[in-house]
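In: Predicted model and sequence below, questions to follow.
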Amino acid sequence: MSTLPVIAAADGSDDSLRALEWAFGAARMREAPLRVVHVRQYAPWAQPEVLPAAPPEPDQDPVLNEVRTRLEYRADRPVTEYLLLEGSPAAVLPELGSTAQLLVLGSRGRGGFASLILGSNSMAAARDAECPVVVVPRPGREVHENGPAAPGPRVVVGLHVDSPDEASLAFAFTEAARRAARVQVVAAYAWPLQMWAVPGDFITTSTVDQAAIETGTRTLADGFVAPHRERHPEVRADVDVVPGDAAGHLVAASKDADLVVVGRHRRRLLAPARMIGSVTQAVLLHAASPVAVVPPTGEES
């Protein structure tokens, strides 16, 4: 059985070149092929009869030729193939997830407006692809640390103890094992607690013991992490139980991290469309490290 490739989306931008380098390293660690894909976007109003019958060959595409030149003499290059497609990248790229073990994109390519922090193609892929999607940010994002992290390679993963995401935990531990990194599990709990008073109004309550909430959260988090520790005894895992905004803590932990891993919402009966979730979206927008968005286990296309 052939190994699914790591796919890097290329469009000639600096963002996509950074994503290419990340995908290159990921393919080597996985001993997987690297597939470089350029989706040439045509105008949405273009008529089918004016489009070419078939896209040009990959060796005729300047974007793929630039990538080929960049990688040609790399002695450590994995098996590499180049694919040229035509269409809307926001629609075509997520579809490639069914044929990949990982899809890697830059935070923003040549399309869209300069004021956008995260491109629509990256957001669409993170929301819709069937495989995990890694979005590589531009360098220089500043984040406010909660405190200095222990030195060494580190994979950060968010854990919501009320709805734990086994797929994200499994991905984080496997990735940490590949990188000889430790896992930093961030389990946030709501504090201060707010209680519903009258329609549209909330009050802050001080009748609940914060220490009890923290202890309960840690007990649950340790229980969810335990099976992954057993499967990966070589990986050190630290559980950080913290009060307040989960997204803020994950963004803070992204400083100098190798990767931040977050989950995607599972589809619900009354909301069948795929959703990113507010925490995942905030991490994609603000994290200083690459972010992996992992689809839930067992989600059907």
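Out: Nice, thanks for sending it over. Only a predicted model underlies this, so the values are computations on that prediction, with no experimental measurement involved.

In: Could you use CA atoms for every contact and neighbour count after this?
Out: Fine.

In: Now do the helices in the stretch 151-300 of the chain.
Out: When assigned using DSSP state H, counting those that start in this stretch, the helices of the stretch 151-300 of the chain occupy the ranges 166-179, 210-231, 246-253, 278-286.

In: Tell me which of those is the most buried.
Out: helix 246-253 (a mean of 24; mean count of other CA atoms under 10 Å).

In: tell me what that one is packed against?
Out: strand 154-158, strand 182-189, helix 278-286 (3 or more CA pairs under 8 Å, 6 or more residues apart in numbering; DSSP states H and E).

In: so who does residue 16 touch?
Out: 8-10, 105-106, 108-109 (CA atoms under 8 Å, 6 or more residues apart in numbering).

In: Am I right that it sits in a strand?
Out: No: under DSSP: H, G, I helix; E, B strand; the rest coil, residue 16 falls outside any strand and is assigned helix.

In: which stretches of this protein have low pLDDT?
Out: 1, 42-58, 109-119, 146-148, 193-208, 265-275, 298-301 (pLDDT under 70).

In: quick one, domains of it?
Out: Domains of the chain are assigned by the TED database as 6-136, 154-294.

In: how far does the shortest one stretch from start to finish?
Out: Put plainly, it is domain 6-136. 14 Å (CA to CA, to the nearest Å).

In: What is the distance between it and the centre of its chain?
Out: Chain-centre distance of domain 6-136: 15 Å, with CA atoms, centre = their mean, to the nearest Å.

In: thinking residue 99 is in contact with residue 4, fair?
Out: Yes: using CA atoms under 8 Å, residue 99 makes contact with residue 4 at a distance of 6.6 Å.

In: and the two? which has more neighbours close in?
Out: More crowded of residue 99 and residue 4, by other CA atoms under 10 Å: residue 4, with 17 against 14.

In: quick one on the thing from earlier: which of the contacts of residue 16 has the largest number of neighbours?
Out: residue 105 leads the contacts of residue 16 on contacts (other CA under 10 Å) with 32 neighbours.

In: tell me which element it falls in.
Out: Assigned by DSSP states H and E, residue 105 belongs to strand 102-106.

In: Neighbouring strands of that strand in the sheet, and parallel or not?
Out: strand 6-9 (parallel), strand 133-136 (parallel) (DSSP bridges).

In: Show residues contacting it.
Out: Outside of strand 102-106, the residues within contact range by CA under 8 Å, 6+ apart are 5-10, 15-20, 22-23, 96-97, 122, 131-138.
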